[in-house]
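In: Structural data only, the sequence is not supplied:
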Ligand SMILES: N[C@@H](CCC(=O)N[C@@H](CS)C(=O)NCC(=O)O)C(=O)O
């Protein structure tokens, strides 16, 4: 993401952080603004051109829009429950 969970530096990144915090799930963040190699490398790895990028259980889930949509329709909560209980 851009910034950290303590100090998001972009509104899109902040939105995803707030969703994860509201769901009370453990998560870590990496600040791509501090690492240009990570910034470019993650875009290639996920084949996704922007940040934030949410990974759940090591798998790319989506950016901000996808996360918000999945949160609203309950799919995000469902997936997180599955992953946390496995
Ligand atoms: N629609 C995107 C919004 C995120 C976005 O547009 N991020 C831009 C601007 S903060 C970005 O990461 N651009 C590539 C870059 O800065 O390397 C989403 O759903 O995540």
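Out: Looks like it came in fine. Since the structure is predicted, the reported quantities are computational estimates derived from the model, not experimental observations.
In: How far does stretch 28-38 stretch from one end to the other?
Out: 15 Å (Cα to Cα, to the nearest Å).
In: Show me which positions of that stretch end up buried.
Out: Judged by neighbour count using 16 or more other Cβ atoms under 10 Å, the buried positions of stretch 28-38 are 29, 31, 32, 33. (Glycine included, C-beta is placed from N, CA and C.)
In: quick one: the last one from the ligand, how far?
Out: In this case it means residue 33. Distance, residue 33 to the ligand, using Cβ to the nearest ligand atom, to the nearest Å: 9 Å.
In: leaving aside the residues next to it on the chain, what's closest to that residue?
Out: residue 2 (5.4 Å; Cβ to Cβ, 6 or more residues apart in numbering).
In: thought the one you found was touching residue 51?
Out: Yes: between residue 2 and residue 51 there is a contact under Cβ atoms under 8 Å: 5.5 Å.
In: Looking at these two, which has the bigger crowd around it?
Out: residue 51 (23 against 19; other Cβ atoms under 10 Å).
In: quick one: that one from residue 39, how far?
Out: Distance from residue 51 to residue 39, counting by Cβ to Cβ, to the nearest Å: 8 Å.
In: for residue 22, same thing?
Out: 27 Å.
In: residue ranges with poor pLDDT in this structure?
Out: Within the chain, no range satisfies pLDDT under 70.
In: For the residue nearest the centre of the chain, give me its contacts.
Out: Residue closest to the average C-alpha location in the chain (Cα atoms, centre = their mean): residue 54, at 2.5 Å. If you count contacts by Cβ atoms under 8 Å, 6 or more residues apart in numbering, residue 54 has them with 16, 60, 61, 62, 63, 66, 67.
In: so which residue of the chain comes closest to the ligand?
Out: As assessed by Cβ to the nearest ligand atom, the ligand sits closest to residue 63 within the chain, at 2.6 Å.
In: Hmm, that residue is touching residue 49, no?
Out: No: in this structure, residue 63 is not within contact of residue 49 by Cβ under 8 Å, at 9.0 Å.
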